[in-house]
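Engineer: show me how the following folds:
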Amino acid sequence: MEDDGTSSDALASTGADSVLLADAEDATGERVPVLLKPMLSVETGGIQWVPEPYNPDTDIHKLLHQLRLWYPPMLNDVFRNNIWDAAISQAVQRFRFAHGRGPVVLDIGCGTGLLAMMAARAGAAHVIAVDSFPGLGHVTGEIVEANGLTEKITVRQCKGSELENLSDLIGAERCDMVVSELLDHTFVGEGMVPALCDASRRLLTPEAVSVPTFGSVWVALIAAGVLDRYRVPIMADEVCAGAYTALVPHGLLPLRLAEIPGGFEYRSEKVECLKLNLTPSRLIEVDAAQENCLPVTVSRAGSIDAIAMWWELEVDGANASDADGKAYSSSVEAERKQGLQDHWKQCVSVLPIPIEASAGSTLHVVARFDGVTTLALDLVKHDVSGPRLTQPTSRLWSPGRAFAATCPMRANTYATVFAPGNPAAVSGKNVLDISDGSFAGIEAALRGAATVVCLEDRPQSRALLTERLKQNDCSNAVIWAGAAQGEPWNTDWGPIDVLVGDGYYERLAAVPLWQPLNFWYLRTAVNAILSDNAVVVPGRVRIMAAAVQFQEEAYAQAHAPVGSPSEFDHSVYQQHRDMTKGARVSARLFDPIDLWQHDHTLLTEPVCCATLDLCDAIDWEHELAPQHCQVTGSVCCKGWVEAVVVWAEYDVSLPDGESRVGFTDYTTERRCPDATQQSVLWVHPRKKVDPEARAALMVDCIVDVAQGDMSFDYQIQDKQSSSTGKT
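Structural biologist: Sure, this is the predicted structure:
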């Protein structure tokens, strides 16, 4: 097959958790659909896109796995479903009363068709439901059919902006009502505003109503010590006197503030920074792009660490019980009433430095909405005309990279292993860093390395690293794009004496267990430029596993199999979802979770289920059999196993020849932010365990180095019964 129709730029910016649907020319010259599946490149490291045939009748599950993190929690959210059902029902009934007929309804971003089916059940004359996610239209059509609504709902897989010829589809020129839940943590990131504006111009009647009717974004200043881990190191000239610009990448970091270790405190009252009338005719009449400078009065003296942000929706017809008319919200306070919402969280913009403020003093939050999908927040001392950010480079940081730059565990590890007398002492030696960000390389440069070469294959990473090297005056460090990017190795950099990295790769962030494998592939790819006695830091990776119970039972329930939300049968969706997991589960299909944000208990002792020896290059000359390991971890306390968590620990060598954990993707002894997320397999139904019943977690792990993947199965056993990962 040739010409998959997907640009190289798009592939270069797509993460390892995605599967792309494209088309290609087969041997007969016919255009056929293909899946582009991400795999680790075992020869060069990084992602390679492997085409495979795609049959929409049998392969949809390969696309739907990308929805696993937020669709089940959203469909399982009873409060959310009831809010939308009541709002849609009342809006339809009001239209019927006023016009003597049911409305024609447009559902933009319909997902599984839940809102469309609510509208049909309420008495809509017809519903046209659209969603652009590949393969979802087919599944939604099956769900609609299973619920007996094919005569009332037309499903199309496309963007709302691509929908044309309504009269041919539904016999009406325009729709009378629009429903949409194109939301993300920031409220605007999924493109609700441009979607509704386009629909108002082309697809809706002038009097069309919208569910929801209003949306607003609120901010408050907060203190939360744990956010120190996500402060971005800044250039001296990046922040002018009086400007405290939040520098978390893309502006905002999703968090459940109620669950963060150590808690948080409000330092101000809440302030509305953005309000949008979502009635299509009203939204299109104004320039949605706006910048608001809002005075914020400090209500409690102390340190300010971040700007917290959340949204509130006025969902027409469902707000009678709320005095302020806000029926649905992502705020901390609303969650106490609405129940846990793992699909919507609060966001924070972490300030580059904490600031002290006295009670009664006034700061200003500047909120900039581009009218499309981006909302950025700045905090300034004075007003909108005050000093601003002068350098944009810090906005290139990801949360994981920001954490790594401020992680005491990593800093202490580098300081120890690079010191004189250690096997990896770097003074006067040539060093190569092969992880994104090159933070170990910068540490080596500061400790007297002769030359430090930083492998950064992404333009964004090179721009960020250039500023970091300048900031630290690392004249002995150079940036290398890599042979795979067309830049050959410069022999002036000499053979490498110390190979370093922390195993973090931005594009692999959604598949944490691929990151140590990727380090090993890169380490093998550069083997020819290493000296005979080169030291590799870290020298070994251990893949660890344990059984987990969450303090909030609702968290695991949110990720449970989907049944019949609002009494609409979703068994078809669940069947497709179950097909992603065969007898064994690939590392790519685990859920990446920030466990530090959720209070939890390890019910079993952590067990090592695989070991990668990074000191030795992979021997591609001989056939590599998959590494197969079965281990058992005893239950150490009574509880309910709700998930199995898997993570990586990186070992470093010490002068006495021993090795210890240098850094880890999961800190078991306390809830602490981690640079890398953990990989979770949910256990449904959950399993009760007790040490007195000799309960244990058995993990079966296969590391297939030749194929670039790990796969897992598990059993939870006691003397009476067992629960397996195949369920």
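Engineer: next, count neighbours for the nearest residue to Arg300 once chain neighbours are set aside.
Structural biologist: In this structure, Arg300 finds its nearest non-sequential neighbour in Arg267, 5.4 Å apart by Cβ to Cβ, 6 or more residues apart in numbering. Quick note: C-beta positions are derived from backbone N, CA and C, even for glycine. Residues within reach of Arg267, counting by other Cβ atoms under 10 Å, total 25.
Engineer: mind listing what Arg267 touches?
Structural biologist: Counting by Cβ atoms under 8 Å, 6 or more residues apart in numbering, Arg267 touches Ala220, Leu221, Ile222, Ala223, Val298, Ser299, Arg300, Gly302, Ile304, Ala357.
Engineer: what residue of the protein is the furthest out?
Structural biologist: In the chain, the residue that sits farthest from the middle, by Cα atoms, centre = their mean, is Gly100; the gap is 46.1 Å.
Engineer: what's the neighbour count on the closest residue to Cys636 other than its chain neighbours?
Structural biologist: Distances taken as Cβ to Cβ, 6+ apart place Glu605 nearest to Cys636, at 5.5 Å, with adjacent residues excluded. If you count neighbours by other Cβ under 10 Å, Glu605 ends up with 15.
Engineer: Glu605 and Ala706: what is the separation?
Structural biologist: Computed with Cβ to Cβ, to the nearest Å, the distance linking Glu605 and Ala706 is 31 Å.
Engineer: swap in Ala208?
Structural biologist: 57 Å.
Engineer: okay, those two: which has more neighbours?
Structural biologist: Neighbour tally, Ala208 and Ala706, criterion other Cβ under 10 Å: the higher count belongs to Ala208, 23 against 12.
Engineer: now do the contacts for Gly45.
Structural biologist: Per Cβ under 8 Å, 6+ apart, neighbours of Gly45: Ile434, Asn518, Phe519, Tyr521, Leu522, Ala525.
Engineer: could I get these as a markdown table with pLDDT, secondary structure and neighbour count?
Structural biologist: Formatted as a markdown table, the contacts of Gly45 follow (pLDDT from 0 to 100; DSSP: H, G, I helix; E, B strand; the rest coil; neighbours: other Cβ atoms under 10 Å):
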| residue | pLDDT | secondary structure | neighbour count |
| --- | --- | --- | --- |
| Ile434 | 96 | coil | 30 |
| Asn518 | 95 | helix | 28 |
| Phe519 | 96 | helix | 26 |
| Tyr521 | 96 | helix | 22 |
| Leu522 | 95 | helix | 24 |
| Ala525 | 94 | helix | 22 |
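Engineer: reformat those into CSV and put distance to Glu291 next to each item.
Structural biologist: What follows is the contacts of Gly45, written out as CSV (distance: Cβ to Cβ, whole Å):
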residue, distance to Glu291
Ile434, 42
Asn518, 41
Phe519, 43
Tyr521, 46
Leu522, 43
Ala525, 47
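Engineer: of these, closest to Asp176?
Structural biologist: Asn518 (52.2 Å; Cβ to Cβ).
Engineer: confirm for me that the closest one is in contact with Tyr504.
Structural biologist: No. Using Cβ atoms under 8 Å, Asn518 is not in contact with Tyr504, being 9.7 Å away.
Engineer: need the longest helix for this protein.
Structural biologist: Counting by DSSP state H, the longest helix found in the chain is helix 78-99.
Engineer: contacting residues around that one?
Structural biologist: Under Cβ under 8 Å, 6+ apart, the answer for helix 78-99 is 74-75, 102-103, 105, 114-115, 118-119, 121-124, 176-177, 179, 181, 209, 211-212, 315-318, 327-328, 338-339, 341, 565-566.
Engineer: mind listing the helices for the stretch 251-400 of the chain?
Structural biologist: Secondary structure of the stretch 251-400 of the chain by DSSP state H, counting those that start in this stretch: the helices cover 280-284, 332-338, 399-406.
Engineer: mean neighbour count, those helices: which tops it?
Structural biologist: Scoring these by mean neighbour count under mean count of other Cβ atoms under 10 Å gives helix 399-406 as the most buried, with a mean of 22.
Engineer: after it, next one along is what?
Structural biologist: Sequence order places helix 408-417 as the next helix or strand after helix 399-406, per DSSP states H and E.
Engineer: that following helix - what's its average pLDDT?
Structural biologist: Per-region confidence: helix 408-417 scores 84 on mean pLDDT.
Engineer: contacts for that helix?
Structural biologist: Under Cβ under 8 Å, 6+ apart, the answer for helix 408-417 is 404, 422-424, 439-440, 443-444, 500, 502, 537, 652-654, 662-664, 667, 675.
Engineer: ok, Gly633 touching Met544?
Structural biologist: No. When contacts are counted by Cβ under 8 Å, Gly633 is not listed as touching Met544 (9.5 Å).
Engineer: anything in contact with each of the two?
Structural biologist: With Cβ under 8 Å, 6+ apart, Gly633 and Met544 have common neighbours Pro606, Val607.
Engineer: in this structure, which residue is most central in space?
Structural biologist: Judging by Cα atoms, centre = their mean, the chain has its centre closest to Ala510, at 6.5 Å.
Engineer: pLDDT score for it?
Structural biologist: 89.
Engineer: helix, strand, or coil at Val431?
Structural biologist: Using DSSP: H, G, I helix; E, B strand; the rest coil, the structure places Val431 in strand.
Engineer: what sits opposite it in the beta ladder?
Structural biologist: Judged by DSSP bridges, the bridge partners of Val431 are Val452, Val498.
Engineer: residue contacts, it?
Structural biologist: Val431 makes contacts with Gly441, Ala444, Ala445, Ala449, Thr451, Val452, Val453, Ile496, Asp497, Val498, Leu499, Val500, as judged by Cβ under 8 Å, 6+ apart.
Engineer: can you check Thr213 too?
Structural biologist: Taking Cβ under 8 Å, 6+ apart as the test, what Thr213 contacts is Asn277, Leu278, Thr279, Glu314, Val315, Asp316.
Engineer: in strands, which of these fall?
Structural biologist: Cross-referencing these against strands under DSSP state E gives Asn277, Glu314.
Engineer: what's the ChimeraX line that selects buried ones from the contacts of Thr213?
Structural biologist: Remark: buried members of those, expressed as a ChimeraX selection using 16 or more other Cβ atoms under 10 Å:
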select :278,279,314,315,316
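Engineer: any idea which of the contacts of Thr213 is least confident?
Structural biologist: Asp316 (73).
Engineer: surely it meets Val179?
Structural biologist: No. At 10.3 Å, Asp316 does not count as touching Val179 under the criterion of Cβ under 8 Å.
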